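Q: coords below, sequence missing:
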């Protein structure tokens, strides 16, 4: 959806041609294909050296291989990476927990990512958003709460739990910043506003979201214990 919206926005502003639709299809379809191409053999081969647990070197190799090929082939690397992970987790039955070892080294990368993202934030652009930023935060919160409630209903969860699913989804992770960086590259004239809106809202949801998630978990646990 994100990739298709980029094409629509470009066409609305006269910066796109019909060929961009084919390019968007290639970015999405190619990313899925690349994810399957890497994920299927990785699911069978990783985790064979030590107690059914993929090693750090295996995890890092897959990350760099996926990212490098995605950039080289000009496909959506976020989709490619998520496809590889999903394939491995769901098809590698000999894994106790896919790439558990990478958790020991992930924090430096996470900190570096957010540091670089924060370095791209222009306070003047953030302050100029005003009502747009407030509306974005409000609409995202409403959409999460409503979407969680709809999903809980469709999955047949108990009525006492349904209202808390969306609340638990309020935290916003780094993937939103990653998409914002892609959008800012596509529309450099709007880059300061795009990054300011995304990074600013991420800060808000990362401060308030975990509290909301913890509250939702405790309320659902309390209801379960009474039942």
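A: Received the coordinates, thanks. Just so you know, these numbers come straight off a predicted model, no measurement behind them.
Q: So which residue is dead centre in this structure?
A: residue 175 (3.5 Å; Cα atoms, centre = their mean).
Q: residues touching it, list them.
A: Contacts were defined as Cβ atoms under 8 Å, 6 or more residues apart in numbering; by that measure residue 175 touches residue 78. No exception for glycine: its C-beta is placed from N, CA and C like everyone else's.
Q: Against which helices or strands is the longest helix seen in the chain packed?
A: Criterion DSSP state H: the longest helix present in the chain is helix 191-226. Under the contact criterion of 3 or more Cβ pairs under 8 Å, 6 or more residues apart in numbering; DSSP states H and E, helix 191-226 touches helix 106-119, helix 123-129, helix 131-154, helix 159-168, helix 175-186.
Q: buried residues in that helix?
A: 191-202, 204-205, 209, 212-213, 216, 219-220 (16 or more other Cβ atoms under 10 Å).
Q: Also stretch 74-82?
A: Under 16+ other Cβ under 10 Å, the buried positions of stretch 74-82 are 75-82.
Q: low-scoring stretches of this protein, by residue?
A: Within the chain, the segments meeting pLDDT under 70 span 14-20, 50-54, 95-103, 113, 117, 120-123, 125-127, 173-174, 225, 227.
Q: one more time with 80, if that's ok
A: 3-4, 6-8, 10-24, 46-57, 92-130, 172-178, 200, 203, 223-227 (pLDDT under 80).
Q: Pop the domain breakdown of it in here.
A: Annotated domains of the chain cover 1-104, 105-227 [automatic domain parsing].
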